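Asks: Build the 3D model from these lines:
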Amino acid sequence: MFREEPVTQVSIRAVPGKKPVLLASFMLLLGVGVLCTPVLRAQAPGSQPAVPAKEAAPALPSDFVGSETCATCHEEVAKKFDSNPHTKMALMHGSQGVTCENCHGAGKAHVEGGGDVSKIFNPAKATAKEVDAKCQGCHAGTHPNFDRSPHAKANVSCIGCHSVHADNGQEHLLKAEQPKLCFQCHNDIKPAFAMPFHHKVNEGLITCNDCHDVHGTFGNNNIKSTADQNAICTKCHTETRGPFVYEHAAVKAEGCLGCHTPHGSQNARLLNMPSVNTLCNQCHSPVAAGTVHGLNAGSAELAPCVNCHTFIHGSNMNQAFLK
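Replies: Numbers count the residues shown, from 1 in each chain. This next block holds a predicted model:
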């Protein structure tokens with residue numbers, strides 16, 4: 001016959017037959033071990049604790065020696081510097097400003113060290129990021145997007161294009177005139193301007209920076225950013241600017257590059273394709289089927305679309321862009 005027997009209740013926090021004090025002591029030791037492990041792992045036996053590096057103290061006014069002192073050794077650099085735009089810095093603050101040391105840092109230690117090159121900032125031996133940071137100290141407001149530009153990402157520093165000391169007559173202290181300067185790196189683009197139809201860059205009518213902002217934009221290929229991206233083209237091609245009562249959707253959606261090649265082409269009007277009908281039918285081929293556009297097989301070869309659809313950039317008279 002079944003008999004009820006007393007049931008022994010065991011706490012889940014204690015081990016049967018052991019005192020809770022032992023379990024608490026074990027948990028305490030385990031916690032101490034977990035907390036101490038990272039410290040012991042970070043400090044190897046006999047090693048010294050790492051001391052954070054101190055930031056360089058800002059230069060004092062007495063640490064600057066003036067550009068006249070620099071010129072005693074660097075006469076070849078100081079020549080004709082009066083015509084350099086950077087000389088304006090020396091005229092600031094009642095002609096008490098500095099010139100050379102604005103970019104190279106305070107020169108007292110350099111001079112007292114007998115020309116010790118380790119005690120002066122030399123852009124020629126610095127990294128591209130260091131050079132850019134030095135130039136951006138003054139020019140960040142003019143070129144706020146340079147860090148995101150393809151030039152900065154490719155480690156092409158400011159002195160890659162600009163000659164800070166020499167004034168060779170080029171605007172913005174460029175090392176060479178455009179497009180020669182740009183072609184030194186972008187030689188894959190150079191042949192496009194030898195095409196039968198091309199923008200007059202080699203002829204000097206326009207320059208690369210008419211369309212590109214070499215210091216960085218939010219667009220691809222450093223294309224200048226405007227409210228209407230077609231404005232890069234329509235500022236010269238004003239007849240296509242609009243606004244129009246009937247707008248060509250492709251112009252607003254894809255933009256000029258949907259039909260035209262910007263640098264140069266073997267096709268008239270810089271079109272992407274030799275046949276204007278083939279170009280139009282990339283979007284409009286379903287429209288031509290079974291309509292007046294499809295009179296006969298091969299009829300598209302007999303007359304180009306623009307014979308009738310003259311106002312393909314936009315029209316104020318007909319939504320089909322007819323004459």
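Asks: what's the pLDDT at the residue nearest to residue 231 when sequence neighbours are not counted?
Replies: Nearest residue to residue 231, sequence neighbours excluded (C-beta to C-beta, 6 or more residues apart in numbering): residue 241, at 7.9 Å. Glycine gets a C-beta too; all of them are placed from N, C-alpha and C. We have a pLDDT of 91 for residue 241.
Asks: Share the number of residues neighbouring residue 128, please.
Replies: Neighbour count for residue 128, taken as other C-beta atoms under 10 Å: 17.
Asks: and it, what does it touch?
Replies: 152, 155, 156, 157, 160 (C-beta atoms under 8 Å, 6 or more residues apart in numbering).
Asks: Name only those of the residues you listed that count as buried.
Replies: The neighbour-count criterion (16 or more other C-beta atoms under 10 Å) marks 152, 156, 157 among the contacts of residue 128 as buried.
Asks: Centroid-nearest residue for this protein?
Replies: With distances taken as C-alpha atoms, centre = their mean, residue 149 lies nearest the centre of the chain, 0.9 Å away.
Asks: Helices of the stretch 201-323 of the chain, start to end?
Replies: Using DSSP state H, counting those that start in this stretch, the helices found in the stretch 201-323 of the chain span residues 231-234, 249-253, 276-288.
Asks: Considering those, which stretch scores lowest in mean pLDDT?
Replies: Set side by side, those give their lowest mean pLDDT on helix 276-288, at a mean of 79.
Asks: Make CSV out of the helices of the stretch 201-323 of the chain and add mean neighbour count and distance to residue 194.
Replies: Formatted as CSV, the helices of the stretch 201-323 of the chain follow (neighbours: other C-beta atoms under 10 Å; distance: least, C-beta to C-beta, whole Å):
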stretch, mean neighbour count, distance to residue 194
helix 231-234, 16, 21
helix 249-253, 13, 28
helix 276-288, 16, 23
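Asks: Quick one: the contacts of residue 128 as JSON lines, columns for distance to residue 188 too.
Replies: Compiled in JSON lines, these are given as follows (distance: C-beta to C-beta, whole Å):
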{"residue": "152", "distance to residue 188": "20"}
{"residue": "155", "distance to residue 188": "19"}
{"residue": "156", "distance to residue 188": "16"}
{"residue": "157", "distance to residue 188": "22"}
{"residue": "160", "distance to residue 188": "18"}
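Asks: Just give the nearest non-adjacent residue to residue 173, would you?
Replies: Spatial nearest neighbour of residue 173, excluding adjacent residues (C-beta to C-beta, 6+ apart): residue 162 at 4.8 Å.
Asks: cool, and residue 174?
Replies: Once flanking residues are discounted, residue 174 sits nearest to residue 181: 5.8 Å by C-beta to C-beta, 6+ apart.
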